[in-house]
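[1] prediction below, plus the sequence it came from.
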Amino acid sequence: MQAVHARRAVAAIFFMMGTFLGVWASRIPDIKQRLDLDEAGFGLILLVMAIGAFVSFPIAGHLIDRRGAAMVTKACSFALLAFFVLLGFGATLWFMVPVVLMTGFFIGALDVAMNGWGAEVEKELGRPVMSSYHGLYSLGAGVGAGAGALAIWFGFSVPQHFAGWGAIVGVLPILALLVPWSFEPEPKQTGGKAPLLAIPTGALLYVGLIALVAALGEGAITDWAALYQITELGYETSVSAVAFSVFSAAMVVMRLLGDRIIARFGAVEVARASGCAAVIGGLLLVSGLSVWIVWLGCAIMGLGYATLFPLAMSRAAADTTRSRGAALAAVATLGYGAFLFGPPVLGFIGDAFSLRTSFLLVAILSLLIPVLAGFMRPGRS
């Protein structure tokens, strides 16, 4: 029964963090205008957030090994809630930069911790549940974005919006706080504490590469799919926006169904099939034969990438060569690094050659997923 309550608590935290992403994204134009920044200046703000997340990974891993993933999840969820609300009150760079840095820090720390707690619950239940967590995260992002559109429609200011949403979802970490969860320290022979720099080695390196490619594909669709359709395929703006919606819907559906599929076929086979789907979808997108083919490609890519990051985090938590905190932090470094820094690199490639070339590169890199899928099996060296 404790594991059932814990599963609900972890799911609530995943959903809460997803809503923060959606709310933040919905108000970026207003925040950018409020700070009087151009695209390059706001890009630096996003870079500060990414740096905060990267700094947090090894620290979160260290704290997980010492205090337990559940305790770190609970503490970081309240800290992130506080800094999220503060983001809405940022009117000057002197205020905004440190708040963005700390927000990024607690986003990264909470991401590692809640995946760690989720993996512990998954082990206690004896069946896959990680994919559904990430499905609720994606669903939360959609809910947050929808709430953001409504807030703009009704004329709420950014401070009112962020404070109000913080009050609404603030009940979720309180509920998680009330769920007890025992912590067993990691055995010393599993690799000790998380290192200062979270870099995967051994089998985890290949698991991390799968997470990297999946995150790169997701970031590519998020940031560049619409522009690719408009500038290189000649589609209307309203039509091009559908591609990301189709991709996101496929991701949510597959993640919510992913646990049953993984339980039936196993992590290795699911990862292998997912990689093949990502390659096929990417090639359909690159072909640009028609708008329907492009949308189909985006949908197949969503189905392909959906379960890979949850699988990678579950595999990291089950690793026997390193402590749980160190393993999770190492895989998160590659996965989130690709999501944060991959799209700008693809943008440079698109500027030098074409965005079609960028998406072709993503499709080619996705070939690594079925090749490396065997490393999703715990114990594979």
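    Yep, that arrived. Residues are numbered from 1 along each chain as shown.
[2] which intervals of this protein have sub-threshold pLDDT?
    Residues of the chain meeting the criterion pLDDT under 70: 1, 184-198, 379-381.
[3] repeat that for 50
    188-194 (pLDDT under 50).
[4] pick out the residue nearest the middle of it.
    Tyr336 (6.8 Å; C-alpha atoms, centre = their mean).
[5] against Gly302, how distant is that residue?
    19 Å (C-beta to C-beta, to the nearest Å). For glycine as for every other residue, the C-beta is placed from the backbone atoms N, C-alpha and C.
[6] do Ala141 as well
    In terms of C-beta to C-beta, Ala141 sits 13 Å off from Gly302.
[7] higher neighbour count, these two?
    Gly302 (27 against 23; other C-beta atoms under 10 Å).
[8] helix, strand or coil: sort out the residue nearest to Met71 when sequence neighbours are not counted for me.
    Nearest-residue entry for Met71: Phe183, 6.8 Å, with adjacent residues in sequence omitted and distances by C-beta to C-beta, 6 or more residues apart in numbering. Here Phe183 takes the coil state, with states given by DSSP: H, G, I helix; E, B strand; the rest coil.
[9] now do the same contact list for Phe183.
    Arg67, Gly68, Ala69, Ala70, Met71 (C-beta atoms under 8 Å, 6 or more residues apart in numbering).
[10] columns distance to Val362, neighbour count and secondary structure on top of those residues, output as JSON lines?
    JSON lines is the format used below for those (distance: C-beta to C-beta, whole Å; neighbours: other C-beta atoms under 10 Å; DSSP: H, G, I helix; E, B strand; the rest coil):
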{"residue": "Arg67", "distance to Val362": "38", "neighbour count": "15", "secondary structure": "helix"}
{"residue": "Gly68", "distance to Val362": "37", "neighbour count": "23", "secondary structure": "coil"}
{"residue": "Ala69", "distance to Val362": "32", "neighbour count": "29", "secondary structure": "helix"}
{"residue": "Ala70", "distance to Val362": "36", "neighbour count": "25", "secondary structure": "helix"}
{"residue": "Met71", "distance to Val362": "38", "neighbour count": "17", "secondary structure": "helix"}
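[11] need the residues you listed in a markdown table with distance to Leu47, can you?
    What follows is these, written out as a markdown table (distance: C-beta to C-beta, whole Å):
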| residue | distance to Leu47 |
| --- | --- |
| Arg67 | 30 |
| Gly68 | 32 |
| Ala69 | 28 |
| Ala70 | 31 |
| Met71 | 30 |
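[12] nearest to Leu346 among those?
    Relative to Leu346, the closest of these is Ala69; by C-beta to C-beta it sits at 32.7 Å.
[13] identify the residues contacting that closest one.
    Ala113, Met114, Gly116, Trp117, Ala119, Glu120, Phe183, Arg324, Gly325 are the contacts of Ala69 under C-beta under 8 Å, 6+ apart.
[14] could you rerun that using 10 Å?
    10, 60-61, 63, 112-121, 181, 183, 317, 324-325, 328 (C-beta atoms under 10 Å, 6 or more residues apart in numbering).
[15] list the helices and strands the longest helix seen in the chain packs on?
    Using DSSP state H, we find that the single longest helix of the chain is helix 93-125. Packing partners of helix 93-125 (3 or more C-beta pairs under 10 Å, 6 or more residues apart in numbering; DSSP states H and E): helix 2-26, helix 28-35, helix 39-67, helix 69-87, helix 130-153, helix 171-177, helix 308-317, helix 324-352.
[16] need the next SSE after the helix or strand where Ala211 lies, C-terminal direction.
    Using DSSP states H and E, Ala211 falls within helix 203-231. In the C-terminal direction, the helix or strand that comes right after helix 203-231 (DSSP H and E) is helix 237-265.
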